[in-house]
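[1] When you get a sec, could you give me coordinates for this:
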Amino acid sequence: MALHLMAGSDRAWVWHAMDAADGEPTLELLAIKFKDLTIAASFKEMFEGAQTKIRLQEAADDGGQIGSQEEGGATASSSSISHAGDGVAKATPSSKVGGEVNPEEEREFHFHPIVKLPDNVDIITGEEQEVAVFLGRGKLYRFDGGVRQWKERGVGDMKIMKEEETDVYRIVMRRDQIHKVCANHYITSSMALHPMAGSDRAWVWHAMDAADGEPTSEQLAIKLKDPSIAASFKEMFEEAQTKIRLQEAADDGGQTGTPEEGGATASSSSSTSRAEDGVAKATPSSKGD
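    Alright, predicted model coming up:
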């Protein structure tokens, strides 16, 4: 093979070759234009250096006699035919692109995983036997009595969950991305929602919350996306309380128990049992606002 400068360019080379880019080897006139003169000179230097080594190997294989050149630069010696065969086998099919080629577009990147991921694992959330009767995006706050101010506890989906078979409701909220539980407590008949001062889309209430593991008396607040979603939250919260009161009345023969702190009632063994169940269902998580 012989490299020749392309007419009108000092950084492009032209040559003939039996090219197998499209599968079958075909005699082609090829040209490559590089980004600058330095790269073009390096290509020519390496190309001719490869030819020198090929000639030396052919001379050794043929006892010092260099095989005759065929059209396209292939030699008639057995070793050179073998090399050509290898070249065809390794050729990577590609489509032809007319005009100047952008070197950046010609690069092919192959990425291989360095870590094998484990198989999918089913995560138990504690919500498998429940259905969400309310879901809305919001920001949860907890009142810190030590500094007398509200502290943000997390942003995520505020949910009111109902057990499928019973009228038992609880509030569950997880922080976005990390899915850490930031609210987890039962709704009781004695809880009361109050609007947060200065907002028409936020509600405040007290609860024995178990988001951090152990149930703790907390004053919580949820600020929802808009007033209509806030109204839906209040409506569903109070509807849940109505059904809970009816269930408590049925369990107690029509007598309602005395509310305790945090909204839990001492009226019957059934309500006490639910409170204990609520503690058991709390999802373990690291403490912190």
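[2] could you pull out the strands for the stretch 101-250 of the chain?
    130-144, 149-163, 169-175, 181-186, 194-195, 202-209, 216-224 (DSSP state E, counting those that start in this stretch).
[3] Tell me which residues are up against the second one.
    Think strand 149-163. Taking contacts as CB atoms under 8 Å, 6 or more residues apart in numbering, the residues outside strand 149-163 that touch it are 127, 129-144, 168-176, 180, 182-183, 187, 211, 220-222, 224, 233, 236-237, 240, 289. Quick note: C-beta positions are derived from backbone N, CA and C, even for glycine.
[4] Give me the buried entries from these.
    Buried members of these, counted by 16 or more other CB atoms under 10 Å: 130, 134, 136, 138-142, 168-175, 180, 182-183, 187, 211, 220-222, 224, 233, 236-237, 240.
[5] I'd like the domain boundaries of this structure, if you could list them.
    Domain ranges of the chain: 4-106, 130-280, per automatic domain parsing.
[6] Of those, give the one that comes closest to L117.
    Distances from L117 to each of the domains of the chain were compared using CB to CB; the minimum, 18.4 Å, belongs to domain 130-280.
[7] any chance of the strands of the stretch 101-250 of the chain in JSON lines, with mean pLDDT and distance to E48 too?
    Putting the strands of the stretch 101-250 of the chain into JSON lines (pLDDT from 0 to 100; distance: least, CB to CB, whole Å) gives the following:
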{"stretch": "strand 130-144", "mean pLDDT": "96", "distance to E48": "67"}
{"stretch": "strand 149-163", "mean pLDDT": "96", "distance to E48": "65"}
{"stretch": "strand 169-175", "mean pLDDT": "96", "distance to E48": "64"}
{"stretch": "strand 181-186", "mean pLDDT": "96", "distance to E48": "70"}
{"stretch": "strand 194-195", "mean pLDDT": "96", "distance to E48": "85"}
{"stretch": "strand 202-209", "mean pLDDT": "98", "distance to E48": "78"}
{"stretch": "strand 216-224", "mean pLDDT": "97", "distance to E48": "74"}
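[8] Which one, of those, ends up nearest to I54?
    When the strands of the stretch 101-250 of the chain are compared by CB to CB, strand 169-175 sits nearest I54, at 65.2 Å.
[9] Tell me how many other residues surround E235.
    The local packing count at E235 equals 11, with neighbours defined by other CB atoms under 10 Å.
[10] Now do it against A31, distance only.
    Here the distance between E235 and A31 works out to 75 Å (CB to CB, to the nearest Å).
[11] do the same with Q57
    The gap separating Q57 from A31 is 27 Å, by CB to CB.
[12] For S232, see how far away R153 is.
    Relative to S232, R153 is positioned 21 Å away (CB to CB).
[13] In terms of packing, which of these two has more residues around it?
    For the pair R153 and S232, the greater number of neighbours falls to R153 (23 against 15), based on other CB under 10 Å.
[14] how near is the more buried one to F111?
    39 Å.
[15] same question, V168
    The span separating V168 from F111 equals 50 Å under the rule CB to CB.
[16] same check, this time on A210
    For A210, the distance to F111 - CB to CB - is 44 Å.
[17] ditto for D119
    Between D119 and F111 the distance, using CB to CB, works out to 21 Å.
[18] who does D19 bridge with?
    According to DSSP bridges, the partner residues bridging D19 are T26.
[19] Hmm, it is touching L30, no?
    Yes: with the criterion set as CB atoms under 8 Å, D19 and L30 qualify as a contacting pair; they are 6.6 Å apart.
[20] more neighbours, these two?
    Relative neighbour count places D19 above the other of D19 and L30, with 17 against 11, counting by other CB under 10 Å.
[21] which residues does the more buried one contact?
    So, once contact is read as CB under 8 Å, 6+ apart, D19 ends up touching 25-28, 30, 91.
[22] what does H185 give?
    By CB under 8 Å, 6+ apart, the contact set of H185 is 170-171, 207-211, 215, 278.
[23] Helix, strand, or coil at W13?
    strand (DSSP: H, G, I helix; E, B strand; the rest coil).
[24] Would you mind measuring from it to L27?
    To L27, W13 is 18 Å away according to CB to CB.
[25] Looking at these two, which is more packed in?
    Between W13 and L27, counting by other CB under 10 Å, W13 is the more crowded of the two (18 against 10).
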